[in-house]
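>>> Turn this into a structure:
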Amino acid sequence: MGLPSAGNCLESAKAKPRSNWFKLPTMSQFGLIEVWGEITDSGPYIRQIRKFDKSPLVKGIILRVDSPGGDVGATQEIYNELIKYR
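The predicted structure is shown next:
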């Protein structure tokens, strides 16, 4: 269960984000943020988006969501932060 080999990812997990850095020949990377379960707190995800935004190596963010829903406010905050990154 991995992503296609088009690029390597920086990965973060719910609640306690963690990052794995992988080097590519072109030095381009993608940030991977995974959201599992209900979205009740936007803080960990916003911090991870901002961390990826500060890295000159990260060229894009992949947001993988497996959630039945959650707090509308927290979801909107994550969305707004992603739009700023764009």
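>>> Pull out the buried residues from the longest helix belonging to the chain.
Within the chain, and with DSSP state H defining each element, the longest helix by residue count is helix 72-85. Going by neighbour count (16 or more other C-beta atoms under 10 Å), the buried part of helix 72-85 is 74-75, 77-78, 81-82. Glycine gets a C-beta too; all of them are placed from N, C-alpha and C.
>>> In CSV, list the C-alpha atoms belonging to it.
Taking Å, rounded to 0.1, in the frame of the first residue of the first chain, the C-alpha atoms of helix 72-85 are listed here in CSV:
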residue,chain,number,x,y,z
VAL,A,72,-16.6,21.9,10.6
GLY,A,73,-14.4,24.7,12.1
ALA,A,74,-11.3,22.4,12.3
THR,A,75,-11.9,21.2,8.8
GLN,A,76,-12.2,24.8,7.5
GLU,A,77,-9.0,25.8,9.2
ILE,A,78,-7.1,22.9,7.5
TYR,A,79,-8.6,23.9,4.2
ASN,A,80,-7.7,27.6,4.6
GLU,A,81,-4.1,26.6,5.5
LEU,A,82,-3.9,24.4,2.4
ILE,A,83,-5.1,27.3,0.2
LYS,A,84,-2.4,29.5,1.7
TYR,A,85,0.2,26.9,0.8
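>>> pLDDT of stretch 38-45, averaged?
Per-residue pLDDT over stretch 38-45 has a mean of 93.
>>> Pull out the buried residues from it.
By 16+ other C-beta under 10 Å, the buried positions in stretch 38-45 come out as 39, 42, 44-45.
>>> Show me which pair in those is furthest apart.
Across the buried residues of stretch 38-45, the longest distance by C-beta to C-beta is 10.5 Å; it joins 39 and 44.
>>> Restricting to C-alpha, output stretch 34-53 in PDB.
Output in PDB follows, covering the C-alpha atoms of stretch 34-53 (Å, rounded to 0.1, in the frame of the first residue of the first chain):
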ATOM      1  CA  GLU A  34      -2.800  11.500   6.600                       C
ATOM      2  CA  VAL A  35      -6.000  12.200   8.400                       C
ATOM      3  CA  TRP A  36      -7.800   9.200  10.100                       C
ATOM      4  CA  GLY A  37     -11.000   9.300  12.000                       C
ATOM      5  CA  GLU A  38     -13.000  12.300  13.100                       C
ATOM      6  CA  ILE A  39     -11.400  15.700  12.600                       C
ATOM      7  CA  THR A  40     -11.700  17.500  15.900                       C
ATOM      8  CA  ASP A  41      -8.400  19.400  16.100                       C
ATOM      9  CA  SER A  42      -6.700  21.200  13.300                       C
ATOM     10  CA  GLY A  43      -3.500  22.000  15.200                       C
ATOM     11  CA  PRO A  44      -1.300  19.000  14.200                       C
ATOM     12  CA  TYR A  45      -2.300  19.300  10.600                       C
ATOM     13  CA  ILE A  46      -1.700  23.000  10.300                       C
ATOM     14  CA  ARG A  47       1.700  22.700  12.000                       C
ATOM     15  CA  GLN A  48       2.600  20.000   9.500                       C
ATOM     16  CA  ILE A  49       1.400  22.100   6.500                       C
ATOM     17  CA  ARG A  50       3.500  25.000   7.700                       C
ATOM     18  CA  LYS A  51       6.500  22.800   8.200                       C
ATOM     19  CA  PHE A  52       6.200  21.600   4.600                       C
ATOM     20  CA  ASP A  53       5.700  25.200   3.400                       C
END
